[in-house]
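**Q** sequence plus predicted model, see below.
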Amino acid sequence: MRLLLFSDIHAHNFQQYSEILEIGINNRLLYSINILKEIAQACKTYQVDGVLFAGDLFHKRNLINVQVFNLIFEAIANIALQVDFTALLVGNHDQSNKDGNIHSLFSFKSIVTVLDEINWVTLESKNESIKILAVPYRDDHFLLTEKILELIKDRDENYQSVLLGHFAVKDAKIGSDFVLKTNNTVSIADNIYKNLDQIFLGHYHFPQQLKENVRYLGATHHHSWGDANQIRGYWLWDTYPNQEFSKPKLIQLKSAPLFITINLKDIEENLNHEKEKIFYKANNNKHYLRIILSEDINEVKKQKILDQLCSYCSHIEFQIKFATNIGTNTLSIKDIGHNLEIKKLMQLYIDDMGLESNLDNEYLLSIGNKYIDEVGG
């Protein structure tokens, strides 16, 4: 059986660097749609039997734009048509309450398998079956670990057994602005990973291998500067040995632009000879570039850089980074347009805090913006 796995789409009408296209769609939402179309095509190209998604299909938890929902529903339905089965795990951004029993993937049950309870699920292709230990997001990671250990005892030795989860693992790299660092993590101990064939996880956006059979799938594409310079994509895995993807392989997706940070020195040295390596053409999408400076440069030099890179990037900004006397090897960041960046980051945080909060978000934002202005950014 050949499986395609992906995670953390975070479909949303993001405002930063966005525009409404002539077809009436936010361009940053369209990137997510195109990513899903690329995945559907990959299912045909690689003759995939089944698709597993590891959570966070949507970004907003309580209020999803109707257009966003409809377009994503259609894109998932298209993927489902290419394979024998498709299973969507519920992530924390898909949940509307802390218990996780109210979520935005409920309507998808009409077209695919939705994994919203911690339990074993059997998924069947035309010729074989696989057992999935589904572990949707839950706040209490201590109870989550206990439940996993309890269910592992019920593993059926006649099937390949895979844990598909959405949770934080101790010592893993986060790789995103969307995930907060927390001590509320699961430890993948011997009695967990040694009793399962594979463990595939969502939640952290940086794709990584923690054990021989434990991997974070990572996000499908870049969403913010927290993703900069990191690979994103989907995974292929053959459940049988001695096949092309018997060892799970990450395939980079190219239907969305990249967030790229690069030192001015590297730009000056490589720009004329290695543009294509630095800025590959992501299906004609232009990238977001942040150029790091050790000191400010004059406007003429900035304009020259902008002119050279405008065919590769839709957004270019300069950031000054310099050493200070605060602590040892401490760096202080001075960002061109820094107030705007902080306020946007605060907006993201306020939008996503508290699943059941009755707080006035607009009032909180106004207080925060007033404080930022008072302290000078």
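**A** Cool, the structure landed. Numbering: from 1, shown residues only.
**Q** tell me where the stretch 251-377 of the chain has strands.
**A** Secondary structure of the stretch 251-377 of the chain by DSSP state E, counting those that start in this stretch: the strands cover 259-263, 287-293, 313-323, 331-335.
**Q** distance to Ile192, mean neighbour count and mean pLDDT for these - can I get that in JSON lines?
**A** The way it works is simple: take the backbone N, C-alpha and C, and place the C-beta from them, glycine included. Formatted as JSON lines, these follow (distance: least, CB to CB, whole Å; neighbours: other CB atoms under 10 Å; pLDDT from 0 to 100):
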{"stretch": "strand 259-263", "distance to Ile192": "34", "mean neighbour count": "17", "mean pLDDT": "90"}
{"stretch": "strand 287-293", "distance to Ile192": "38", "mean neighbour count": "20", "mean pLDDT": "91"}
{"stretch": "strand 313-323", "distance to Ile192": "41", "mean neighbour count": "15", "mean pLDDT": "82"}
{"stretch": "strand 331-335", "distance to Ile192": "38", "mean neighbour count": "12", "mean pLDDT": "32"}
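**Q** tabulate these in JSON lines, adding columns for distance to Tyr193.
**A** Shown next, in JSON lines, are the strands of the stretch 251-377 of the chain (distance: least, CB to CB, whole Å):
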{"stretch": "strand 259-263", "distance to Tyr193": "32"}
{"stretch": "strand 287-293", "distance to Tyr193": "37"}
{"stretch": "strand 313-323", "distance to Tyr193": "39"}
{"stretch": "strand 331-335", "distance to Tyr193": "37"}
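**Q** what's the spacing between Asn27 and Asp296?
**A** Per CB to CB, to the nearest Å, Asn27 is found 31 Å from Asp296.
**Q** between the two, tell me which one has more neighbours.
**A** Ranked by neighbour count (other CB atoms under 10 Å), Asn27 and Asp296 place Asn27 first, with 17 against 13.
**Q** pass me the low-pLDDT residue ranges in the stretch 101-250 of the chain, would you?
**A** Along the stretch 101-250 of the chain, the model assigns pLDDT under 70 to residues 175-191.
**Q** helices of that one, start to end?
**A** Secondary structure of the stretch 101-250 of the chain, counting by DSSP state H, counting those that start in this stretch: helices at 141-152, 190-193.
**Q** got those as JSON lines, with distance to Ala80 and mean neighbour count columns?
**A** Formatted as JSON lines, these follow (distance: least, CB to CB, whole Å; neighbours: other CB atoms under 10 Å):
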{"stretch": "helix 141-152", "distance to Ala80": "26", "mean neighbour count": "15"}
{"stretch": "helix 190-193", "distance to Ala80": "30", "mean neighbour count": "14"}
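**Q** dump the ones you listed to a markdown table, plus distance to Lys286.
**A** A markdown table is the format used below for the helices of the stretch 101-250 of the chain (distance: least, CB to CB, whole Å):
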| stretch | distance to Lys286 |
| --- | --- |
| helix 141-152 | 40 |
| helix 190-193 | 41 |
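**Q** who wins for proximity to Arg290 among these?
**A** When the helices of the stretch 101-250 of the chain are compared by CB to CB, helix 141-152 sits nearest Arg290, at 34.0 Å.
**Q** packing partners of the closest one?
**A** When contacts are defined as 3 or more CB pairs under 8 Å, 6 or more residues apart in numbering; DSSP states H and E, helix 141-152 packs onto strand 129-135, helix 190-193.
**Q** how far is stretch 148-161 from where the chain is centred?
**A** Relative to the centre of its chain, stretch 148-161 is centred 28 Å away, using CA atoms, centre = their mean, to the nearest Å.
**Q** hang on, Ile148 packs against Arg138?
**A** No. With contact defined as CB atoms under 8 Å, Ile148 and Arg138 do not form a contacting pair (10.6 Å).
**Q** out of the helices and strands packed on helix 141-152, which gets nearest to Leu36?
**A** For the helices and strands packed on helix 141-152, proximity to Leu36 was assessed by CB to CB; strand 129-135 is nearest, at 20.9 Å.
**Q** so which bits of the closest one are buried?
**A** By neighbour count on 16 or more other CB atoms under 10 Å, the buried set for strand 129-135 is Ile130, Lys131, Ile132, Leu133, Ala134, Val135.
**Q** same deal with stretch 295-306?
**A** Neighbour-count burial for stretch 295-306, with 16+ other CB under 10 Å as criterion, is recorded at Lys302, Ile305.
**Q** do the same with stretch 53-65
**A** Judged by neighbour count (16+ other CB under 10 Å), stretch 53-65 contains these buried residues: Phe53, Ala54, Gly55, Asp56, Leu57, Phe58, His59, Lys60, Arg61, Ile64.
**Q** equivalent analysis for stretch 40-53, please.
**A** Under the neighbour-count criterion of 16+ other CB under 10 Å, stretch 40-53 has Ala40, Ala42, Cys43, Val48, Asp49, Gly50, Val51, Leu52, Phe53 buried.
**Q** list the contacts of that stretch.
**A** With CB atoms under 8 Å, 6 or more residues apart in numbering as the test, stretch 40-53 has contacts from 1-7, 9, 39, 75, 78-89, 123, 125-126, 130, 132, 162, 164, 200, 202, 234, 236, 251.
**Q** if you set the cut-off to 6 Å instead, what comes out?
**A** Residues from elsewhere that reach stretch 40-53, judged by CB atoms under 6 Å, 6 or more residues apart in numbering: 1-6, 78-79, 82-88, 123, 125, 164.
**Q** what about those residues, which are in helices?
**A** Among the contacts of stretch 40-53, the members falling in helices (DSSP state H) are Asn78, Ile79, Gln82.
**Q** tell me which residue is most central in this structure.
**A** Using CA atoms, centre = their mean, the residue of the chain that lies closest to the mean C-alpha position is Ala219, 2.7 Å off.
**Q** you'd agree that one is up against Arg232?
**A** Yes. Under the criterion of CB atoms under 6 Å, Ala219 makes contact with Arg232 at 5.4 Å.
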